[in-house]
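Chemist: Just a sequence and a predicted model for now, questions to come.
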Amino acid sequence: MSTSAIKGGERDFQVTKIWNRLFITVFIANVGMNLSQQMTNSLVSKYADSLGATKTMVGLVSSMFAITALLFKVLSGPVIDTYNRRFILAGAMAVMAVSFFGYSTAGAVPALMVFRLVQGAGQAFTTTCCLALAADTLPKDKFGSGIGVFSMAQAASQAIGPALALALVDVMGYSNTFRLGCLIMCCSAFLAATVKVPFKRTKKFKISLKSIIAKEAILPAVIIFVLSLAFFVINSFLVIFAGEQGLPSAQAGYFFTAYAGTMLFTRPMVGRLVDRFGTVRVLIPAIICFALSFFIISVTSALPVLLLAGFVSAFGYGACMPAMQTLAMKCVSPERRGASSSTNYIGTDLGSLLGPVLAGAVADKLGYIAMWRIMTVPIFAGLIIVIACRSKINRVEKNFDNMQKAG
């Protein structure tokens, strides 16, 4: 049986299975982080809309966290690859908790924007650090499956978070719901600080282009960028669009429940399919499903149609994300996984920054229905890139398999 040895601390920890002690601890911390994040993110655009923001402004508020997330990516890769990741993760979670509490006190759009930027500063480290930590705890022969399982934390949080937050707003209002998200994030930060991942510093902190961006991981980052351009439009405008179509906010939240609930079994399945058939054969049908989900959303007039869109989207973007994360980790050696993870999330952050703003401008001019259909353009661009670069993707996976056999 293949094993991976994590060295450092008092003893070596031999990894022979996915659900080992270290992986479980990181997974639980990730669940709490994602739950609070999903709760607050699902409310920000709706809250901005209630404060009188235009469609373009709603898109800007929704995406502003990506500005600071991108800026702090200059630090996140080098920091994560140099210092103890559990302390980095706990500190970044604390910063995000501050932003969530700030939302509860923001009574105007400008204040909401400020705390959105604070959230981005923390988020520059959290997702990147979690992914790098998870990759370090997995056996080589179950790498793709392990990343797929790890991504279930986000799926479970998406199944619960948005619908829960939208229901709580009707009961306790925006301020108290944001504060609940803050409390959950604080608990996750405490848990992250107790994650005793063996650590031994092996290099000095240095900011360089190589430590920030792994050029080997640029291709998966580009693919995830164009797909994220479309995906984050859902987070920003779906609840508002559903309201215009006559659906209550609480029902709109069920889209995310259907999406994430489906991912609870599709994401582990995607990991196994990637390990068996390769990334390209998984991505092509997944991207087609993702585009189809946008057409379904555009004709939504009843809850069953919205649930169908969520179900189809889970086989789309829900399958693409772990496949791209796995590919990004396979592109580099273990000691450069922080830079590779950072590169991958730069693509995600750029998509989350530009997508809602562009979509909001389209919605102001042409309306929401046209917006959903036009935003399939970047999705099909991603499909073209995958097909054009399939030989390069296959080479990366072959090299990783050869290193696994040699190791």
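Modeler: Looks like it arrived, so ask away.

Chemist: contacts, neighbours, all on C-alpha from now
Modeler: Noted.

Chemist: looking just at contacts, which helices and strands does the helix or strand harbouring T128 meet?
Modeler: Using DSSP states H and E, T128 sits in helix 109-136. The helices and strands touching helix 109-136, judged by 3 or more Cα pairs under 8 Å, 6 or more residues apart in numbering; DSSP states H and E, are helix 21-50, helix 55-63, helix 65-71, helix 73-82, helix 85-105, helix 143-150, helix 337-366.

Chemist: at 7 Å what do you get?
Modeler: helix 21-50, helix 65-71, helix 73-82, helix 85-105, helix 337-366 (3 or more Cα pairs under 7 Å, 6 or more residues apart in numbering; DSSP states H and E).

Chemist: do you know which of the ones you listed lies nearest G161?
Modeler: helix 21-50 (4.5 Å; Cα to Cα).

Chemist: Report the mean per-residue pLDDT for the closest one.
Modeler: In this model, helix 21-50 has a mean pLDDT of 87.

Chemist: and if you look at stretch 219-236?
Modeler: Mean pLDDT, computed over stretch 219-236, is 91.

Chemist: to the chain's geometric centre, what's the distance from it?
Modeler: Offset of stretch 219-236 from its chain centre (Cα atoms, centre = their mean, to the nearest Å): 10 Å.

Chemist: All further residue positions should be reported with the first residue as 52.
Modeler: Sure, I'll start numbering at 52, so the last one becomes stretch 270-287.

Chemist: Which secondary structure element of the chain has the lowest mean pLDDT?
Modeler: The weakest-scoring helix or strand in the chain, judged by mean pLDDT, DSSP states H and E, is strand 55-57 (a mean of 49).

Chemist: which SSE is the residue nearest to L217 when sequence neighbours are not counted in?
Modeler: Excluding its sequence neighbours, the residue lying closest to L217 (Cα to Cα, 6 or more residues apart in numbering) is A301, at 5.4 Å. Using DSSP H and E, A301 sits in helix 300-328.

Chemist: Tell me which residues of that helix come out buried.
Modeler: 300-315, 317-326 (16 or more other Cα atoms under 10 Å).

Chemist: which non-adjacent residue is nearest D415?
Modeler: Using Cα to Cα, 6+ apart, the closest residue to D415 is K106 (6.2 Å).

Chemist: what's the closest of the helices and strands packed on helix 160-187 to G361?
Modeler: Nearest of the helices and strands packed on helix 160-187 (Cα to Cα): helix 72-101, 15.0 Å.

Chemist: just the angle between the closest one and helix 106-114, please?
Modeler: 160 degrees (axes from the mean of the first three to the mean of the last three Cα atoms, to 10 degrees).

Chemist: from the chain's centre, how far out does helix 72-101 sit?
Modeler: Chain-centre distance of helix 72-101: 10 Å, with Cα atoms, centre = their mean.

Chemist: Same check on stretch 193-210?
Modeler: Distance, stretch centre to chain centre, for stretch 193-210: 11 Å (Cα atoms, centre = their mean).

Chemist: Now do it: distance from first to last residue.
Modeler: 26 Å (Cα to Cα, to the nearest Å).

Chemist: can I get the helices and strands packed on helix 160-187 in JSON lines with distance to S202?
Modeler: Listed next are the helices and strands packed on helix 160-187 as JSON lines, based on distance: least, Cα to Cα, whole Å:
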{"stretch": "helix 72-101", "distance to S202": "9"}
{"stretch": "helix 116-122", "distance to S202": "20"}
{"stretch": "helix 124-133", "distance to S202": "20"}
{"stretch": "helix 136-156", "distance to S202": "17"}
{"stretch": "helix 388-417", "distance to S202": "14"}
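
Chemist: Between the ones you listed, which one is closest to F345.
Modeler: helix 388-417 (12.7 Å).

Chemist: buried residues in the helix or strand following the closest one?
Modeler: For helix 388-417, the following helix or strand on the C-terminal side (DSSP H and E) is helix 419-425. For helix 419-425, a neighbour-count test (16+ other Cα under 10 Å) marks 419-420, 422-425 as buried.

Chemist: Report the angle between the helix or strand that helix 419-425 is followed by and helix 388-417.
Modeler: Per DSSP H and E, the first helix or strand lying C-terminal to helix 419-425 is helix 427-439. Counting by the same axes, to 10 degrees, helix 427-439 lies at 140 degrees to helix 388-417.

Chemist: For helix 427-439, which outside residues touch it?
Modeler: Contacts with helix 427-439, where a contact means Cα atoms under 7 Å, 6 or more residues apart in numbering, come from 274, 277-278, 280-281, 331, 335, 338, 342, 345.

Chemist: before we move on, the earlier item: which of the helices and strands packed on helix 160-187 sits closest to F166?
Modeler: Once those are compared by Cα to Cα, helix 136-156 is nearest, at 5.0 Å.

Chemist: Over that closest one, what's the mean pLDDT, rounded is fine.
Modeler: 92.

Chemist: Please name every helix or strand in contact with it.
Modeler: For helix 136-156, the elements it packs on are helix 160-187, helix 203-244, judged by 3+ Cα pairs under 7 Å, 6+ apart.

Chemist: next one: whichever helix or strand comes after the last one to chain centre, how far?
Modeler: Using DSSP H and E, the next helix or strand after helix 203-244 towards the C-terminus is helix 260-263. Taking the mean of its C-alpha atoms, helix 260-263 sits 21 Å from the chain's own mean (Cα atoms, centre = their mean).

Chemist: Pull out the buried positions in the next helix or strand after helix 260-263.
Modeler: Downstream of helix 260-263, the first helix or strand assigned by DSSP H and E is helix 269-295. Across helix 269-295, burial judged by 16+ other Cα under 10 Å covers 269-293.

Chemist: Next, the angle helix 203-244 makes with helix 269-295.
Modeler: Computed by the same axes, to 10 degrees, the angle between helix 269-295 and helix 203-244 is 110 degrees.

Chemist: what's the distance between L231 and G329?
Modeler: To G329, L231 is 41 Å away according to Cα to Cα.

Chemist: My error: substitute I420 in the last question.
Modeler: Distance from I420 to G329, by Cα to Cα: 35 Å.

Chemist: for L182, same thing?
Modeler: Distance from L182 to G329, by Cα to Cα: 20 Å.

Chemist: Compare the two (neighbour count), which wins?
Modeler: L182 (23 against 19; other Cα atoms under 10 Å).

Chemist: Next up, the contacts around that one.
Modeler: Neighbours of L182 in contact, by Cα under 7 Å, 6+ apart: S392.
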